[in-house]
Each structure stands twice: as C-alpha cells, then as structure tokens.
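Q: build the 3D model from these lines:
(chains A and B)
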Amino acid sequence: MDHDSLLQALRKAVQELMPQVDGVIALRRVGQGVAAHLYQAGDDLSDLTLEPSFPLPTSVRLIQARYPDKTFGVVVRGCDERQLIELAKRRQINLDRLRLIGVACSAQDAEFCQCDLPFPQQLSIGEQVEGVPQDFLDEFLAKPRQERLEFWKHAFSKCLKCYGCRNICPECFCKECVLEESLWVKSGTVPPPFPMFHLIRAMHTVGKCISCGECERTCPADIPLTVLYKLLRRDVERTFGYHAGANPDEAPLMDSTIFLADMDLLRPS
Amino acid sequence: MEYRNVSSVCTYCGVGCGLFLEVLDGQVTGTYPDPSHPVSEGHLCVKGWNAAGFVHHADRLKTPLIRKGDALVEATWDDALDVTAKALTRIRDASGPDALGFLCSAKATNEANYLFQKLARAIIGTNNVDHCARL
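A: Alright, predicted model coming up:
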C-alpha cells in the first residue's frame, strides 16, 4: 500500500469512527510540521497525516484528564499503542474510553526509528513489515567495559540539561521529578553530574520504556539514549519476561510484590 | 472542547527555534519541539521547553505602567508613549544623546529590533544600544 492510499484509508477509517466517539486524536499538518490534534464531527480531514512522529500519548493523557467521561478515537502506530498500554497500567489514561485505529509503519519508517516492532497489536490500516534487527546492541556490548564507560562519559559530557528527554517522553508523567531535586542533581551546572542524572532517568524508565526513540531524536546534543534504553529494555525482557506495552491486563513490572516474588525474596525459606 | 497545536517561534533568544504551542480549550498548556523546523530540527533548550510559562502567568503585564510617585499606574499605550517621548527629549536636550541607553529585546522580531536601533542612532543620536541575548 503506497503512502497516499494509506492516508486515504486512514481518513476513511477516522470518518467512519467519528459518529461513535466524541472526537479523534490524530496527527495534523500544522505549518511546515506535524502535531497532535483533536478532530471532531464535521471537521475537514484533508490535513490529517501520519508523519513525522509526535508523542501522541502525552496529548491523549492531557485531553482525557480534562474530559474523563468522553470517548475518543486515537490513530496509533505500534509505539503509540504500547505507550498507551503502559500509561493505562499506571492509571494515567483509560483504555476503556479509547478506540484505537492501528496503523502499520512502512519498512522505511522502521529503518529510520531502528524499530524492532513497527506495528500495533490492533492493526487496522497498512501492511505489517518486519522489525529491524537489534544487532547493534550486541556489537556495542562486545566492546570492552572501559571503552563503553568512556563512550558514555563522552556522550553525557555533551548534555545541556534541557530536560528534553524527560519532557518528550510519554512515560515520564510524574508531577514532581527527582531530576529537579537538588539533593540528586546539583542545580546551576552543566553538564549534570555523571552518571547520576542520566542513570536515574534510565532506571525510572525500566518497565515503561517501549523504545519509541523520541528522547534521542529531540536531544540537542545527539546523545545516543536509545542504546542505553534499549539495552535496559532487553535486560528487563530477558530477566523478568516482562514486555513493556504488550499486555494491558498485566501489572506493571515495578509493582513491588510481583517484583520481589520474581526475585525469590518473598518465598518462605 | 478544543485541542490543537499552533506553530510558533521561541521568543527567548535570537536563534528562533521552531516550536508548537499546545492549546487545550483556549489555554496554552505546553510546548513541543518542531522536527520540521529548518532552524532547530526538533530540538529545544531548557528555555524553549518552558517558553509557554509566561503566557497565562499572574505576574504578566497586560498594559503599560507609568510611575507616579512611588506607584506604578496602569496606562494606555498612547499615554505611555507620550510620557516616554517627552522624557527622552528632555534628557537628550539637557545632557546630550549619550546620556541615554537603549536596551532592546530578544522577544521582539528582527525587524522591530532594527527599527529600535534606528530610533537610537538616527533620531536620538547615540550608539548606546544593547541586548539581553548578547549575554
């Protein structure tokens, strides 16, 4: 399916869903760019579009918080769907009041994002393509420990502490953020202390990060954050069998009782 | 019920990064970087990420204020411009044009800043022009 027919099919699907919902949250062309928008019955859908990417689940969370009793459609890629599932587990959004229109990413999109899962579970539009192999993670891990430490020291020395990685992340929803606490992160200096700033954030994404890559794309210092987060995600999958964004009925990984039970710490001796 | 994003430019410095102002029911709720913007290509600094903070701030001035005695009193633009023009003329006539300094703003456009230095140099006659984004 080429891009134009994909868009036509998507607009038709949104049009058909509209009478059953109070609005549809999707991407819209704005000026030269693309951003989230709430379409409502009667709106012109000719500026509804699919790319480039935008952290759509953050907009869904904001709109649902204001209108908890309304039902919305949402146009989702695989990453959006997985983020919404993780947000729902933590009561940040309500999946029961969302109707998802799942769109498959093209092979080109998947390559651009280095995505290993470029399609949603509920696929409505487009054809599923293979994920991109994550060999680069093994190549990175094959490097000696000292070389990897130097790599991260250099990468994080470029940090401007703009908080862009945290701000763009749909899974970073805390009202009070530890990265703004002077106990942990000294204020008034850049780069922030190595490795506390970045490793605190990395630890806080465990079990939530689905590797959308928005943090790396928005970083003005080009820090390769997805290498770190993808390695963490892979460790979580291999160690605990927990796949972030896969199952809305599963408890969050960091639910302490389940976590400790998995670690054999709660078993009677 | 209305949610949309408006394409805009960061007002904090002369770089001019592209951003979206996120609007929910007529209130600006945040900013997002614009990956398609030729200047910033989807990046923002910490100020750009917070560029919407002042929009609905309680301390934001909505009218000019004129000092009367110890108090700052709300005024119309016409009155404020009259007071400013008279004061500039009085100081220039009494102490010469270099007794005045002109501080312009990164929050104004290039064109407005051009006109501002023109006022300082050509009309008042001083090169005392400076700018917050030079710091």
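Q: which residues of the chain score low on pLDDT?
A: You didn't pick a chain, so chain A it is. Where chain A drops to pLDDT under 70, the residues are A:256-269.
Q: nope, chain B
A: In chain B (pLDDT under 70), the answer is B:133-135.
Q: and it, which residues reach chain A?
A: Residues of chain B lying close to chain A (Cβ under 8 Å from any Cβ of the partner chain) are B:1-7, B:18, B:20, B:22, B:24-25, B:29, B:32-37, B:42-46, B:48-49. C-betas here are computed from N, CA, C, even on glycine.
Q: filter these down to just the ones in strands.
A: Within these, residues falling in strands by DSSP state E are B:Y3, B:R4, B:N5, B:V6, B:S7, B:G18, B:F20, B:E22, B:L24, B:T29, B:Y32, B:P33.
Q: give the contact list for the fifth one.
A: What it means is B:S7. Contacts for B:S7 (Cβ atoms under 8 Å, 6 or more residues apart in numbering or on different chains) come out as A:V30, A:G31, A:Q32, A:G33, A:A35, B:G18, B:F20, B:D34.
Q: which strand residues bridge it?
A: Beta bridges link B:S7 to B:F20, judged by DSSP bridges.
Q: at the geometric centre of chain A, which residue do we find?
A: Most central in chain A under Cα atoms, centre = their mean is A:C212, positioned 4.4 Å from the mean C-alpha point.
Q: would you check that that one makes contact with A:E81?
A: No. Look at A:C212 against A:E81 with Cβ atoms under 8 Å: they stay out of range, at 10.8 Å.
Q: sorry, back to before: of the contacts of B:S7, select the buried ones using a PyMOL command.
A: Buried members of these, defined by 16 or more other Cβ atoms under 10 Å in any protein chain shown, are picked up in PyMOL with:
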select buried, (chain A and resi 30+33+35) or (chain B and resi 18+20+34)
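Q: let me know the closest of the contacts of B:S7 to A:A88.
A: Using Cβ to Cβ, A:A35 is the member of the contacts of B:S7 that lies nearest A:A88, at 23.1 Å.
Q: which residue, other than its chain neighbours, is closest to that closest one?
A: Spatial nearest neighbour of A:A35, chain neighbours left out: B:N5 (3.4 Å); criterion: Cβ to Cβ, 6 or more residues apart in numbering or on different chains.
Q: what's the neighbour count on that neighbour?
A: Using other Cβ atoms under 10 Å in any protein chain shown, B:N5 has 25 other residues around it.
Q: how about the helices of the chain, start to end?
A: With no chain named, the answer covers chain A. Ranges of helices in chain A, per DSSP state H, are A:3-17, A:56-66, A:78-89, A:107-113, A:135-141, A:145-157, A:164-168, A:196-204, A:214-218, A:225-240, A:256-262.
Q: wait, chain B
A: Assigned by DSSP H, the helices in chain B fall at B:46-49, B:77-95, B:110-118.
Q: return the most buried member of those helices.
A: Neighbour counts (mean count of other Cβ atoms under 10 Å in any protein chain shown) averaged over each of the helices of chain B peak at helix B:46-49, with a mean of 19.
Q: returning to what we had before: wait, which of the contacts of B:S7 is closest to B:H57?
A: Closest approach to B:H57 among these (Cβ to Cβ): B:F20, at 19.5 Å.
Q: and that closest one, how close does it get to A:P192?
A: B:F20 sits 26 Å away from A:P192, going by Cβ to Cβ, to the nearest Å.
Q: how close does B:A52 get to A:P55?
A: Remark: distance between B:A52 and A:P55 (Cβ to Cβ) = 16 Å.
Q: now B:N110
A: Look at B:N110 and A:P55: by Cβ to Cβ, they are 31 Å apart.
Q: repeat for A:L95
A: 18 Å.
Q: same deal with B:C104?
A: From B:C104 across to A:P55, the span is 35 Å (Cβ to Cβ).
Q: looking at these two, which one has more neighbours?
A: When neighbours are counted by other Cβ under 10 Å, B:C104 and A:P55 differ, and A:P55 comes out ahead with 23 against 19.
Q: show me what contacts the most centrally placed residue in chain B?
A: Residue closest to the average C-alpha location in chain B (Cα atoms, centre = their mean): B:K107, at 3.6 Å. Contacts here follow Cβ under 8 Å, 6+ apart; on that basis B:K107 touches B:T11, B:Y12.
Q: same thing with the one 10 residues further on?
A: Residues in contact with B:Q117 (Cβ under 8 Å, 6+ apart) are B:F102, B:C104, B:V129.
Q: again, only this time at 7 Å
A: Contacts for B:Q117 (Cβ atoms under 7 Å, 6 or more residues apart in numbering or on different chains) come out as B:V129.
Q: how about B:V73?
A: Listed by Cβ under 7 Å, 6+ apart, the contact set of B:V73 reads B:L65, B:I66.
Q: give me the beta-bridge partners of it?
A: Beta-bridge partners for B:V73, by DSSP bridges, are B:I66.
Q: which positions in the stretch 51-200 of chain A make contact with chain B?
A: Residues of the stretch 51-200 of chain A that fall close to chain B, judged by Cβ under 7 Å from any Cβ of the partner chain: A:P52, A:S59, A:L62, A:I63, A:R66, A:Y67, A:L160, A:K161, A:C162, A:Y163, A:G164, A:N167.
Q: if we use 10 Å, what do you get?
A: A:51-55, A:58-60, A:62-63, A:65-67, A:70, A:72, A:160-164, A:166-168, A:190 (Cβ under 10 Å from any Cβ of the partner chain).
Q: give me the buried entries from the residues you listed.
A: Among those, those classed as buried by neighbour count (16+ other Cβ under 10 Å) are A:51, A:53-55, A:58-60, A:62-63, A:67, A:72, A:160-164, A:166-168.
Q: tell me the contacts of A:C209?
A: Shown in contact with A:C209 (Cβ atoms under 10 Å, 6 or more residues apart in numbering or on different chains): A:82-83, A:86, A:169, A:171-172, A:201-202, A:215, A:225-226, A:228-230, A:232-233, A:236, A:244-245.
Q: list the contacts of the closest residue in space to A:A221 that isn't next to it in sequence.
A: Nearest residue to A:A221, sequence neighbours excluded (Cβ to Cβ, 6+ apart): A:K158, at 3.9 Å. Shown in contact with A:K158 (Cβ under 10 Å, 6+ apart): A:V190, A:P191, A:C219, A:P220, A:A221, A:D222, A:I223.
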